[in-house]
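>>> I need the structure of the sequence given here:
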Amino acid sequence: MIKTGVIGALGKMGREVVKAILNDEETELVMAVDIIGEGSDIGTVVTGKEIGIKTETNLEKAILEKKPDVIIDFTQPSGIFEHVKTYINLGTKSVIGTTGLNDEQLKEIEKMTKEKNTACFIAPNFTTGAVLLMMFAKQAAKYFKNAEIIELHHNQKKDAPSGTAIKTAQLMAEANQDFTIGNCSETELIKGARGANSEANIHIHSVRMPGYIASEEVIFGAKGQILKLSHHSMDRTCYMAGVLMAVKYVNDNNGFIYGLDNIM
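Residues are numbered from 1 along each chain as shown. From the prediction side, this is the model:
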């Protein structure tokens with residue numbers, strides 16, 4: 001059994017992770033950490049059934065006492081870098097679902113992971129369908145010279161654009177260097193109307209709206225045709241298959257992994 005700890009266990013994603021760990025035959029929940037709910041039984045809170053695992057608020061103390069094999073972290077962008085450094089310094093393998101880490105931070109994490117001979121798995125999206133969309137977009141990018149991305153999330157998501165959209169653009173940029181071929185010279189009458197200009201001049205448009213969970217659409221255009229690739233997360237349970245896949249991978253492997261596509 002893989003001894004697993006969940007950070008942000010009382011959040012919307014954290015609760016789903018807790019249930020997934022409890023329902024999987026290869027994983028065992030040994031630790032639950034959140035900034036609230038200290039002392040509450042995580043099983044009672046999440047599933048209505050007491051399991052004897054109390055919610056803790058002191059992250060480092062919990063890791064040292066419970067000694068999880070793998071930690072799953074779905075917390076806030078503002079604190080995730082410090083969390084990851086703590087996991088690496090303690091030699092604990094981790095699966096990170098929080099986005100917002102910049103390139104410099106990712107490079108530092110990769111360096112630390114090698115130095116400490118441990119594992120850190122970071123993915124912008126753990127939904128297998130969304131990862132397939134990114135892979136398909138990379139393939140389609142070889143055949144189109146114009147493309148844009150629209151990503152839509154709930155209005156409590158703090159970072160924009162989404163990590164999934166950024167990763168999608170990066171993959172597409174491996175196939176082409178400029179996705180605005182033939183566009184006229186543009187003037188924005190309202191700043192930002194054309195979205196963020198990302199990798200290879202791919203415009204990314206971020207929508208934040210109650211009712212959405214997570215959606216992405218990649219639009220490719222060429223003379224006489226439009227290709228649209230889209231994925232919609234209807235329920236947070238869609239992330240769990242990817243999370244469990246990552247947990248089992250890092251339990252058996254060391255190193256820095258960025259993106260679920262690397263193990264699919």
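>>> What helices and strands are in contact with the helix or strand containing Leu106?
Under the criterion of DSSP states H and E, Leu106 resides in helix 103-116. Using 3 or more Cβ pairs under 8 Å, 6 or more residues apart in numbering; DSSP states H and E, the elements in contact with helix 103-116 are helix 77-89, strand 119-122, strand 255-258. Quick note: C-beta positions are derived from backbone N, CA and C, even for glycine.
>>> from those, which stretch is densest packed?
Mean neighbours per residue, mean count of other Cβ atoms under 10 Å, is largest over the helices and strands packed on helix 103-116 for strand 119-122, with a mean of 26.
>>> Give me the residues contacting that one.
84, 87-88, 93-96, 101, 106, 109-110, 113, 246, 249-250, 253-259 (Cβ atoms under 8 Å, 6 or more residues apart in numbering).
>>> swap the cut-off to 6 Å and go again
Residues from elsewhere that reach strand 119-122 (Cβ atoms under 6 Å, 6 or more residues apart in numbering): 93-96, 109, 113, 246, 250, 254-258.
>>> Likewise for stretch 162-170?
Here stretch 162-170 has contacts from 99, 124-125, 130, 134, 137, 149, 151, 198-199, 202, 204, 216, using Cβ under 6 Å, 6+ apart.
>>> Can you lay out the residues you listed as TSV showing distance to Ile263 and secondary structure?
Listed next are the contacts of stretch 162-170 as TSV, based on distance: Cβ to Cβ, whole Å; DSSP: H, G, I helix; E, B strand; the rest coil:
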residue	distance to Ile263	secondary structure
Thr99	18	coil
Pro124	14	coil
Asn125	13	coil
Ala130	15	helix
Met134	14	helix
Ala137	19	helix
Ile149	24	strand
Glu151	23	strand
Ser198	25	coil
Glu199	23	helix
Ile202	25	coil
Ile204	25	strand
Glu216	20	strand
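>>> Which one of those is nearest to Phe179?
Nearest to Phe179 among those: Ile202, at 4.9 Å, using Cβ to Cβ.
>>> tell me the contacts of Asn155?
With contacts defined as Cβ under 6 Å, 6+ apart, Asn155 is in contact with Arg208, Met209, Pro210.
>>> For it, what are phi and psi?
Torsion angles at Asn155 (phi, psi; degrees, to the nearest 10) stand at phi -80, psi 10.
>>> picking up where we left off before, which among the contacts of strand 119-122 gets closest to Ile72?
Relative to Ile72, the closest of those is Val95; by Cβ to Cβ it sits at 4.8 Å.
>>> What mean pLDDT does stretch 116-126 get?
Per-residue pLDDT over stretch 116-126 has a mean of 94.
>>> try stretch 1-20
In the prediction, stretch 1-20 has an average pLDDT of 96.
>>> For it, what is the distance to the chain centroid?
How far stretch 1-20 lies from its chain's middle: 14 Å, per Cα atoms, centre = their mean, to the nearest Å.
>>> Could you say which helix or strand holds Val131?
With DSSP H and E as the test, Val131 turns up in helix 128-140.
>>> helices and strands around that helix, which ones?
Here helix 128-140 touches helix 163-173, strand 225-233, going by 3 or more Cβ pairs under 6 Å, 6 or more residues apart in numbering; DSSP states H and E.
>>> now the longest one against helix 77-89, angle please.
Same thing as helix 163-173. Helix 163-173 runs at 80 degrees relative to helix 77-89, counting by axes from the mean of the first three to the mean of the last three Cα atoms, to 10 degrees.
>>> what comes up buried for helix 163-173?
Using 16 or more other Cβ atoms under 10 Å as the test for burial, helix 163-173 gives Gly163, Thr164, Ala165, Ile166, Lys167, Thr168, Ala169, Gln170, Leu171, Met172, Ala173.
>>> which one is Asn58 nearest to, not counting chain neighbours?
Val33 (7.9 Å; Cβ to Cβ, 6 or more residues apart in numbering).
>>> so what's the spatially most central residue of the chain up against?
Residue closest to the mean C-alpha point of the chain, counted by Cα atoms, centre = their mean, is Pro124 at 3.1 Å. Counting by Cβ under 6 Å, 6+ apart, Pro124 touches Thr99, Gly163, Thr164, Lys167.
>>> Appreciated, that's everything.
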